[in-house]
Each structure stands twice: as structure tokens, then as C-alpha cells.
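> attaching a predicted model along with its sequence, questions to come.
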Amino acid sequence: MNYYLTHYKNSFFTDILEFLNIVTIVEPLPEETSYKHDDTVAPESIHHDDDDIESNIAHEGTYDNLGGDDNSYHTNLERIATVMSGNSVPDASMTTTSNNKKKDIDEEKQLCGTDSNSTSNSNSNDNSNEKSDSDDSDDPFLVSWENTSMEDNPLNWSTFKKSFMMAEVMLLGCVTYMCSSIYTPAQGTIAEEFGCGHVVATLNLSLYALGYGIGPIVFSPLSEVAKIGRQQIYFYTLFVFFLFQIGCATVKNMGGLIVLRFFAGIMCSPALATGGATVADMVTLKHLSICLSTWDLGATCAPIIAPIIGAAMLVAKDWRWIFWFMTMIGGFTLVLLFFFFPETSHQNILARRAKRLRKQTGDPRYYTKQERLDSQLTSREIMITTLYRPWELMFKEPIIMAFDLYIALAYGAFYLFFEAFPLVFTNIWHFTPIESGLAFLGFAVGTAFSYPLLFYFLRTIINPKIKTNTVTPEMFLILMMWVGWCLPLGLFLFGWGAGTHWIVPIISEIFFQLSLWSLFQVTYSYLASCYPRYVASVFAGNGLIRSIFACAFPLFGVIMYENTGTKNYPVGWGSSILGFFTLLLTAIPFVLYKYGPAIRARSKFSG
């Protein structure tokens, strides 16, 4: 207990300030504080230009390491195939068996002489790092995992510990995703109490979605810094999120509620952006796909189940109890993380070991590779990576632009359902709030159908190609060529079948979700295989544009339905407008399957 109090009190904000100070350094570290261990054997400085920054801020488990020379290309695609959820993967060299943890300081000093590729954050495409990595292999002051890993390595934790950690990460994702849609059943009640219009009330949903698209721009790079890691990011952001829920439950005006919801969305973003990376820290490639799919199950189903819970709170008490409920489960999760959530970031674990060795021996020469990389980052490089490059890639690369538009439109349509459901299930079929919440379960059924389809696709299409080294990025597009038509079908069926029977719009949800979930897997896998060197920026831009659409669509949804609807078909033409757009976008996988290789060959960012 004392360790946690001291650790959280003294470490997190100090580490952030130290990092912010470090990244402004342009000159090499002073000799007396540098990591070289004598005058003859010094770690070579690593050159970083704007094009190499992706590999500098990412840890060993991100897609930035999926790039490589021609000999490693198919191996990289095999790793992508196991991460269809688009999250980070640990290096295969870290899948060693567990030995007893070496506790004695002399034994720890012996551990520092063996380099492991698994802890290297250098991108394999960065030729300037190759010589440095080779020189580091015999450096007795380099702190890294041995070939026979220690118990500190998350890959070597017990099955029970990994399962418990998985459950915690799932719970964290569920809490934050649930908060987005749990508010929707009470939207009309809140608008009436505060005397505001429907569009203003909808901002509580829209700005929350925008917030969790903006948050990763800040928190994702911080979680990859060796001194900070993931544990502290999760804890402190969840703590602020918890406080914002109390504010939402006690707020006295709509303006305050909107502001609190927006910042709550920002604070919840680490669980959504980094959760998959935490899972990948703990499992080997053999089990990664199953574990990531399990984690994604919670993130997918939480916003679907949330309206049911919100409706129950509204009926049993009032709308404020929705946020008191979020406060309670947020507080429970916070306590759980505080006492039972150890660090999983390999780089942070190694950095803390190096810090301990420096303190115990009085020798400042112990270091990790990520500490060295962090020390050479500049503010300009970080600004380019987080703010400029995502937009540059989006507007200069047709492949990225196409899939960003595709997935953003589909995701916006998903959030539009929260506005369309009251028009269909309340106005037409006179559902109660709880019954209207249950109507969202069609999306859960669609997700359940998506999982076996994904595994069938991997087993029959991707894995055989990997074994023969004939797989290409375009192979991942086949999945959307199979189910892309389900997206417009779901929209058309929802729009024109809403008045025939209440089961018809629920069936339409199954088709819609089957295509939407598959689109996410294809987008992550295809873009990661096309742009392995810049994947952090690619995904940052994709997440941001997706959140912008999710923010905007609910704001004009009801107005669109009111202006285009008829008495018998209130959501017919409104849903059809989106259906026609998504129908056009279904051509994207087919076009890129044929012309994608030529487009990538002309790109300066691809490969």
C-alpha cells in the first residue's frame, strides 16, 4: 500500500515534467549524465529526422516495428494477421519461458549485458540504428530482457494473473464506452428540465465522442514514454473521469453538463486507445488474436448494453442516477486499478529496473534503449508526429483517405441510430424506455456473428497465404468484399422496414453491425500492412476523423429525419441517403484490390 501511495504521489507528474524537459533538448546529453560507460565503448548517437519519429515514440509492440526488409515482409504480415483488431503486438523474441526472478543486486547487474530485440523501439527500416543496436549487444550497462525471461516480464506472468489483468482492461473499456450511450434514454428528460432544444441536448453525446477522439493525441504518446508507462496514465485519467461523473450527477445547467461530458470523453480515451496494447504486452502471438477479440468484445458490447441500464435508472429514479451509477462503477474500477493493476509496459518495467540499479550502485551508466530514444526526441518531432503527419498522410495518400472516409461515415451512421431509435420504437411502436434500450441488442447479435466470420477468414484466406509467403496487404480486403453490402442493406432495411414490424429494424442492426465490425478489422489490418512505418499517425488520424463524424451525425440526425420523413416512413429517406453513400463506398475494397499495389508503389510513405 505504501509503495502505491509513494509511487503515484511522486512519480507520475514528476516523470511527465522530466519528459517535457527532455524533449526540448537538441544537443546530446552531457557527458557526466550520458549513458556511455567508458571513453572507448560508447553507445552511438541515433540520428532522428522527421521520417523516423514514428519509431522513436512507439514501444516494441506497436505496428511501427512491422516494417522491415524484404526478408521480414511476410513475417510482418503474419503478425498483422493476428492483430485484426488493430492493436500492438509484442516481439516474437519475447516469448520465452519463465525463470525465477533474480532479486540480488549482483544478479541484476549480470542481467544487463544481454540485449534482446524485443525491447528495441527502433524501426527496422531505420538503417541509422542498425550499427547502434549491434554495438549495444555487448554493453554491460544496457538493461534488457534476457533470453530466459524473468518473472517481471508480463509475458511470463501466470495464467491467472493475465486473466485477471484482461478482465480489468475489459472492465475499464466497458466503463468508458458505456458512458457514451448510457445518457441517451434520458436525453429528452434532461432537455425538458433545463429548458433547451434537442440539438443542444444532443451535444452531450456528440462532444463525448469527440473527446475520446482527441484524447489519444496526447495520452497515446505519453503511454509509450519509458518513464511514464501505461499504469499511471490509466489511473490518473480514470480518477479525473470519476470526478467528472460526480459533476455530471450534480450539475445545475445544460452548459455545465456539456462541458463535463466533453472532458470526460477526453479522460476516458486511454482505455480505448491503449487497451489493446496492454493486452498485447501480456500475451504471445499464438494467443494474441483470441485475447484481443475478447477485449474488443467488451468495448463493442458496452455502448450497446448501456441504453438498457440508462433506461432502467431513468425509470427507477431519475436521470441523475445514470451518472451516479457511472460514478459507482467508475469508483470501483478505480480502486481495482489502484491495488491490483501492475505496469505492463515492457519499456517502463526495464526503465524502473535501470533506475533502481543506478540508485543502488551509485553508477549513472545503467540505461535502457527507450530511455536513450526518449532523451533525443525534440518538441518539433513530437508536434510533427501528433498534429501534422496524420493530416498529411490523410490528404496525400488515396488509400488512407478512402478508408478514413469509409469507416468515418459508417461510424457516424452507427451514432445516428441513437437519434433514430426514438422515432421508430417510441413513436411508431410505443416502446417503453427499457424496451427501447433492449432494441439495441440487435447490434450485439451482429457482433456475435462477426467473430466466427473473422476467424474463418483468417483460417481459410490469410493463414494459407502466410505459410506460402504469398500474402499481400490486399488480401485483407477480401473480408469487406464479402460483407460490405451488409452496411447499406442494414440502412435501407431500417429505413423502409421500420413500420412493418418491430423486429425488422432490429434485424437490420445485425446486418449493419456485421459489416461495421468487419470494416474495423479490415481497416486496421490493411492500413497497418500498407504503412507500417507511419502506422501510429495513420491510426491517430483515422480515430480523430471517425470521432468527428460520430460527433456531427447525431446533431443533424433528427432534423434530417424530420425534413425527409413521411407519416408511414419517418426514417425512410433519411436512412436511404446514408445507404446510398455507403453503397458507393462498398466499391473501395474492390478498386483497391486491383489498383492498391500500383498506388502503394508510387507512395513515398508506403512500405
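Ah, there it is.
> from here on, just use CA atoms for contacts and neighbour counts.
OK.
> max-length helix in this structure?
Ranked by number of residues, the top helix in the chain under DSSP state H is helix 285-316.
> in which helix or strand would I find the spatially most central residue of the chain?
Geometric centre of the chain, nearest residue: Ala273, 2.6 Å, by Cα atoms, centre = their mean. Under the criterion of DSSP states H and E, Ala273 resides in helix 254-282.
> hey, C-alpha coordinates of stretch 527-539 in PDB?
These are the backbone C-alpha positions of stretch 527-539, laid out as PDB (Å, rounded to 0.1, in the frame of the first residue of the first chain):
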ATOM      1  CA  LEU A 527      -3.600   0.300 -43.400                       C
ATOM      2  CA  ALA A 528      -1.000  -1.200 -41.000                       C
ATOM      3  CA  SER A 529       0.400  -3.500 -43.700                       C
ATOM      4  CA  CYS A 530       0.500  -0.700 -46.200                       C
ATOM      5  CA  TYR A 531       2.100   1.900 -43.900                       C
ATOM      6  CA  PRO A 532       4.000   0.000 -41.200                       C
ATOM      7  CA  ARG A 533       6.400   2.900 -40.600                       C
ATOM      8  CA  TYR A 534       3.800   5.500 -40.000                       C
ATOM      9  CA  VAL A 535       1.000   3.400 -38.500                       C
ATOM     10  CA  ALA A 536       0.800   5.500 -35.300                       C
ATOM     11  CA  SER A 537       0.000   8.600 -37.300                       C
ATOM     12  CA  VAL A 538      -2.300   6.700 -39.600                       C
ATOM     13  CA  PHE A 539      -4.400   5.300 -36.700                       C
END
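> quick check: mean pLDDT of that stretch?
With pLDDT averaged residue by residue, stretch 527-539 scores 83.
> which stretches of the stretch 101-250 of the chain have low pLDDT?
Within the stretch 101-250 of the chain, the stretches with pLDDT under 70 are 101-138, 146-149.
> hang on, the earlier thing: got the contact list for the closest residue to the residue nearest to the centre of the chain other than its chain neighbours?
Once flanking residues are discounted, Ala273 sits nearest to Pro216: 6.1 Å by Cα to Cα, 6 or more residues apart in numbering. Pro216 makes contact with 269-270, 273, 540, according to Cα atoms under 8 Å, 6 or more residues apart in numbering.
> where does Pro216 land in three-state SS?
helix (DSSP: H, G, I helix; E, B strand; the rest coil).
> tell me how far it lies from Gly256.
With distances taken as Cα to Cα, to the nearest Å, Pro216 is found 24 Å from Gly256.
> report the separation between the residue nearest to Ala273 and Met178.
For Pro216, the distance to Met178 - Cα to Cα - is 18 Å.
> again, but for Tyr524
Distance, Tyr524 to Met178, by Cα to Cα: 23 Å.
> just Gly574 next, same as before
27 Å.
> ok, Pro154 next?
Taking Cα to Cα, one finds Pro154 at 28 Å from Met178.
> quick check, the residue nearest to the centre of the chain in contact with Ser220.
Yes. With contacts counted by Cα atoms under 8 Å, Ala273 reaches Ser220, the gap being 6.9 Å.
> neighbours of Val591, how many?
If you count neighbours by other Cα atoms under 10 Å, Val591 ends up with 11.
> alpha carbons of the helix or strand harbouring it, as CSV, please.
Using DSSP H and E, Val591 sits within helix 587-602. What follows is helix 587-602, C-alpha atoms only, in CSV (Å, rounded to 0.1, in the frame of the first residue of the first chain):
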residue,chain,number,x,y,z
ALA,A,587,-16.6,-0.3,-54.2
ILE,A,588,-13.5,0.8,-52.3
PRO,A,589,-12.3,-2.7,-51.4
PHE,A,590,-12.8,-3.9,-55.0
VAL,A,591,-10.9,-0.9,-56.5
LEU,A,592,-8.0,-1.1,-54.1
TYR,A,593,-7.8,-4.9,-54.5
LYS,A,594,-7.0,-4.2,-58.2
TYR,A,595,-5.1,-0.9,-58.1
GLY,A,596,-3.8,-0.9,-54.5
PRO,A,597,-0.3,-2.3,-55.4
ALA,A,598,0.2,0.3,-58.0
ILE,A,599,-0.9,3.1,-55.7
ARG,A,600,1.4,1.9,-53.0
ALA,A,601,4.3,1.6,-55.4
ARG,A,602,4.0,5.4,-56.2
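> since that was my last question, I'll sign off now.
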